[in-house]
Every structure is written in structure tokens, then in C-alpha cells.
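J.: let's see this in three dimensions:
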Amino acid sequence: MRGLIGPQVINNLVSGVLIENAPLDNGETTEYRNFLLQLLSIRTQTLSLLTQPLHQFFQRRKVACCFWFDPSTEQVMYHQPGQGGTETQNSANFLNNVYEKTSVWRVGNENIRAEMKDQQTNQIDIAFCVKATESDTKAAKTMAKSNPDKHVYTTWGRALSKSLATLKKPTSNEQEAYLTAFELIRFGVLVANPYKKEQQHIRLFARTVSLLPMEFKNTAWSGPFNRDLLAFNGFTKALNRSYRNLSEMLTLSYFMNDLVQKERNDYHDIADR
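T.: Have a look, this model is predicted:
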């Protein structure tokens, strides 16, 4: 796909297995292992976007996730409707068909151009998309009339919208950091617990700042080593990797379902977003 997507999800489908190796801190905590199990639902939906337009052979193909801490147990990823249902304890159950859910959205060039004019911007990013559906009136414009869904924010969506509104001309990296922070809070990861009272604020501040993009000096690191931040980095990397794959498969789904123009010169621009 000319640099549009990475190979990870396709490799999972072809090989029939998603292998989760230990992070840098060895992932010894129960919290991290439970977090990976929670991410399986997102990864299963990601896989469903890839298999939806493919031959039935791939739609029915068994794909399982294996973790380093329990290699003998398969977490089966039921990536198409009708699969599974009998192995719920050790499987990633399919939540919804992402393609079917998003195919009723109505976001054409006219809608986008009109919204860009209203927001007085030529940049389509996270803040733009969030603001484009911040009210019931705007949200209604993005749904087909036959669809009963209101397409409005959840409580988390409203919180993200208000947070992004406080920033003045945020960069793409800053917006991604905000989104990552909210997801980590939602998963119960970006917290100050279980540290003592005098350490809670320091830990929470350090974890939050570590999400922001930084430029390091071109010298060898000579400072102290913080194992807590190393462990927290494992959560962040796993989450961002999962959502990056989801974004790529959403993009691929549009191309494979003939919903966008295929002959174009901006493949790398799309991939960088």
C-alpha cells in the first residue's frame, strides 16, 4: 500500500497468531497483564477491519493471541460476527462490526470543507474532528437520515473536547498526547496510586509529562533510572501501538471497500497522520 500501513496486523492474520512479548521492564505486574487483556477487544476490532472485505477463508481464519507470561493459553480473537461464544473465558470476544458501524457515517468533501471554513483552518487533525461533532446539530450532519444513532459524545468524549478547547493551536503531537492520557485514565493506568501521599503528586506529574513529545540532547544519559516510568512506558507503547494499528486498518478498509480515490499522490501524508 505504498507505505500507507504497517505489516503487523497483516502478519497476525497470515500467521494466525499475535505474539505479545515482554516489555522493557519485563511486565511483571498484574496491572500490566490485565491491561493487555483489555486491549484485546481493540485489537480484535482492528483485525475485523482487515478481514471484512477479504475472502471467507480469511474471515473464518483462526487468530489467537499468546502472551509471554502464559504461553500455553490461547486468547482466540473472534474477528467476525457469529464466531465464538463458547470460549468466553479465554477469548477476545467481538464487540461490534466496526465497518458496518462506520459505513453509515456521512462525512463527504462538502461537509469537511464547510467545517474547515467554520473553524478557519486548513488542518484536519484530532482537534478538528472533535470540534466538528461537538454539538448535537453538528453531529447530526455526519449521520445518514436512516440511522437512529445520534452520534453524540460519551462522557469521556465531552471531557476530551473541553480539554482540547483549552489549548491554543496545539500541535499534532500534543493532541495525540492528550488522547493517550485520556485513554490511560479510562483504563485506570494514569493514576497516582498506590504511592504514599507525599509521592502521589510527583508520580502523577512525572507520568503525565512523559507523554509529551521531547527533544533530548545528543549525549549519553547519565541521570537516575526511574523504574516506575519505565513500567508506565510499557502501558503507553502498548496502547499507542494498538490504536495506530486500528487507524491504519480503518484507512485500509476505506481503500478496500472503494470508498476513496485510490490513484493519488498523498499516501505518505495520510500515513504520517
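
J.: distance of Gln80 from Arg60?
T.: Relative to Arg60, Gln80 is positioned 7 Å away (Cβ to Cβ, to the nearest Å). Using the backbone N, CA and C atoms, a C-beta is placed for each residue, glycine as well.

J.: the two: which is more packed in?
T.: Higher neighbour count among Gln80 and Arg60: Gln80, with 18 against 12, using other Cβ atoms under 10 Å.

J.: helix, strand or coil: sort out the more buried one for me.
T.: Secondary structure state of Gln80, per DSSP: H, G, I helix; E, B strand; the rest coil, is coil.

J.: could you find the closest non-adjacent residue to it?
T.: Gln59 (4.9 Å; Cβ to Cβ, 6 or more residues apart in numbering).

J.: do I have it right that the one you found meets Leu49?
T.: No: in this structure, Gln59 is not within contact of Leu49 by Cβ atoms under 8 Å, at 11.8 Å.

J.: okay, the two: which has more neighbours?
T.: Leu49 (25 against 17).

J.: and the helix or strand the more buried one falls within, what does it pack onto?
T.: Assigned by DSSP states H and E, Leu49 belongs to helix 30-51. Helices and strands touching helix 30-51, as assessed by 3 or more Cβ pairs under 8 Å, 6 or more residues apart in numbering; DSSP states H and E, comprise helix 8-15, helix 56-59, strand 64-67, strand 70-77, strand 91-92, helix 98-102, helix 227-256.

J.: pLDDT score for the most centrally placed residue in the chain?
T.: By Cα atoms, centre = their mean, the chain has its centre lying nearest to Tyr243, at 2.1 Å. pLDDT recorded at Tyr243 is 95.

J.: do you know how far it is from Glu31?
T.: Per Cβ to Cβ, Tyr243 is found 19 Å from Glu31.

J.: tell me who's in contact with the nearest residue to Glu115 once chain neighbours are set aside.
T.: Nearest non-adjacent residue to Glu115, counting by Cβ to Cβ, 6+ apart: Ala132, 4.8 Å away. Contacts here follow Cβ atoms under 8 Å, 6 or more residues apart in numbering; on that basis Ala132 touches Glu115, Gln119, Lys138, Thr142.
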